[in-house]
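Novice: Coordinates only, no sequence provided:
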């Protein structure tokens, strides 16, 4: 091939490929929209720059004017929001395990009296360290607030005793502070990140596979022969989904019992609870995947749509950045993604030993997704079956 032929052929291929590109709307959306859309979503998620008003419970066993002052000061800190004030340590720990709060401040009984008697009492802080980012900000907010109060009490006391202001300012510890980190006391980054990344990768792989369940039949022209077996949309979805559900559960079980121990990721919770909760997630993925698979006519389009859904889902799930810190419209998107309740419940079952009752809100969210996506997929498939039958496609097979 001489240079002229090579140049002409190259130009023809370029023109041909450009023609294909212009006809593929999904490819244009991915190429031009993706580089803009995903960074914009990322920016909107982290636009707050730092997690504010993270919920904490105050266990106030003192019920004094000083403890009330501490509570008000903590609630005024930008990083903190007092979820509630309780009189029982068990109630505070219950809030933590339920995932309602991210930290607890314990004010002991006789706190104000001990300070007045120079006994140097101790305030205890308990943090949920599964999310290293939020726990550090909460700890900073609590320590800063208590430090200011601590200094103010001591300086005021010393001044009343006739100590000069400059000298008093150097002696400002009327009480001590002790911080305990729960569930990830060593702030291990693998413990923090592992479940979220693994869950996200599994979702992406499983959705890409599920996308082919019905799209393959439509694209290859085999849907008519499938209808020879059954014309019930419910029957077809059920029968075609069973193999994928079993395979997905088998793969996930292998990861739980082989990969988690291999990388020394502890599983504190019940394996049975974990598998049951995971089964809800798999069913939600199946419902979403089947819906998209029924909606599209080609495998490529089906996988493209599910890829667009799955790519930003880890960022939107709230696993590393609280959903409460995202704009309200981003929060809505986050709540309709199966990964969001799954990762939240997964982390608590695995590392906090939470029961199914503790993750009931997440189970309800997944159940709603199963029903909604399932009904949408069923409705679309039923319409396509009716369309095939009305066209007499079954008689042509």
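Specialist: Looks like it arrived, so ask away. Just so it is clear, the structure is predicted and the values come from calculations on it, not from any experiment.

Novice: helix or strand right after the worst-scoring helix or strand of the chain on mean pLDDT?
Specialist: When the helices and strands of the chain are scored by mean pLDDT, DSSP states H and E, helix 165-169 comes last with a mean of 45. As assigned by DSSP states H and E, the chain's next helix or strand after helix 165-169 is strand 176-182.

Novice: ok, and for that next one, which residues are buried?
Specialist: Neighbour-count burial for strand 176-182, counted by 16 or more other CB atoms under 10 Å, picks out 181, 182. All C-beta atoms are positioned from the backbone trio N, CA, C, and that covers glycine.

Novice: and if you look at stretch 370-377?
Specialist: Per 16+ other CB under 10 Å, stretch 370-377 contains these buried residues: 370, 373, 374, 376, 377.

Novice: I'd like to know which of those are part of strands.
Specialist: Judged by DSSP state E, these include no members of strands.

Novice: so which of those comes closest to residue 3?
Specialist: residue 377 (55.2 Å; CB to CB).

Novice: Let me see the contact set for the closest one.
Specialist: Going by CB atoms under 8 Å, 6 or more residues apart in numbering, residue 377 touches 237, 287, 290, 291, 293, 294, 295.

Novice: make it 10 Å
Specialist: Residue 377 sits next to 213-214, 233, 237, 241, 286-295 when contact means CB atoms under 10 Å, 6 or more residues apart in numbering.

Novice: same question, residue 121
Specialist: Listed by CB under 10 Å, 6+ apart, the contact set of residue 121 reads 62, 107-115, 174-176.

Novice: From residue 176, how far off is it?
Specialist: 8 Å (CB to CB, to the nearest Å).

Novice: And the strands in the stretch 51-200 of the chain, which stretches?
Specialist: 54-60, 80-86, 103-107, 122-128, 176-182 (DSSP state E, counting those that start in this stretch).

Novice: Show me the strands paired with the third one, marking each as parallel or antiparallel.
Specialist: This means strand 103-107. Here strand 103-107 has these sheet partners by DSSP bridges: strand 54-60 (parallel), strand 122-128 (antiparallel).

Novice: What residues sit buried inside the last one?
Specialist: When burial is assessed from 16+ other CB under 10 Å, strand 122-128 yields the following buried residues: 123, 124, 125, 126, 127, 128.

Novice: wait, doesn't the second one sit right on residue 182?
Specialist: Pointing back at residue 124 there. No. Taking contacts as CB atoms under 10 Å, residue 124 lies outside contact range of residue 182: 11.9 Å.

Novice: any common contacting residues for the two?
Specialist: Joint contacts of residue 124 and residue 182 (CB under 10 Å, 6+ apart) are residue 104.

Novice: Tell me which residues touch residue 293, please.
Specialist: Residue 293 neighbours (CB under 10 Å, 6+ apart): 207, 210-218, 237, 240, 286, 299, 301-303, 305-306, 377, 380-381.

Novice: circling back: distance to residue 358 and mean pLDDT added to the strands paired with strand 103-107, as CSV?
Specialist: Formatted as CSV, those follow (distance: least, CB to CB, whole Å; pLDDT from 0 to 100):
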stretch, distance to residue 358, mean pLDDT
strand 54-60, 16, 95
strand 122-128, 13, 93
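
Novice: in which helix or strand would I find residue 389?
Specialist: Residue 389 belongs to helix 360-390 when assigned by DSSP H and E.

Novice: Do you know the pLDDT at the residue most central in space within the chain?
Specialist: Central residue of the chain (CA atoms, centre = their mean): residue 317, 3.2 Å from the mean position. Model confidence at residue 317, given as pLDDT, is 88.

Novice: Need phi/psi at it.
Specialist: In terms of degrees, to the nearest 10, the main-chain angles of residue 317 are phi -70, psi -20.

Novice: Pick out whichever of the buried residues of strand 122-128 sits closest to residue 23.
Specialist: Checking the buried residues of strand 122-128 one by one against residue 23 (CB to CB), the nearest turns out to be residue 128, at 51.5 Å.

Novice: ok, for that closest one, nearest residue in space, not its chain neighbours?
Specialist: residue 102 (5.0 Å; CB to CB, 6 or more residues apart in numbering).

Novice: what sits against the one you found?
Specialist: With CB under 10 Å, 6+ apart, residue 102 has these contacts: 51, 54-57, 80-81, 83, 95-96, 126-131, 134-135, 137-138, 322.

Novice: do that again at 7 Å, thanks
Specialist: Shown here is residue 102, whose contacts under the criterion CB atoms under 7 Å, 6 or more residues apart in numbering are 54, 55, 56, 127, 128, 134, 135, 138.

Novice: quick one: the closest residue to the last one other than its chain neighbours from residue 344, how far?
Specialist: So that's residue 138. The shortest distance from residue 138 to any non-neighbouring residue, by CB to CB, 6+ apart, is to residue 103 (4.7 Å). Noted for residue 103: a distance of 17 Å to residue 344, by CB to CB.

Novice: Neighbour count: the two, which is higher?
Specialist: More crowded of residue 103 and residue 344, by other CB atoms under 10 Å: residue 103, with 30 against 20.

Novice: The more buried one touches residue 56, doesn't it?
Specialist: Yes. Residue 103 lies in contact with residue 56 (CB atoms under 7 Å); the separation is 4.4 Å.

Novice: tell me, what's touching those two both at once?
Specialist: Here residue 103 and residue 56 have residue 138 as joint contacts, going by CB under 7 Å, 6+ apart.

Novice: mind checking which helix or strand the residue lying closest to residue 299 once chain neighbours are set aside is in?
Specialist: Once flanking residues are discounted, residue 299 sits nearest to residue 215: 4.7 Å by CB to CB, 6+ apart. Per DSSP H and E, residue 215 falls inside helix 212-220.
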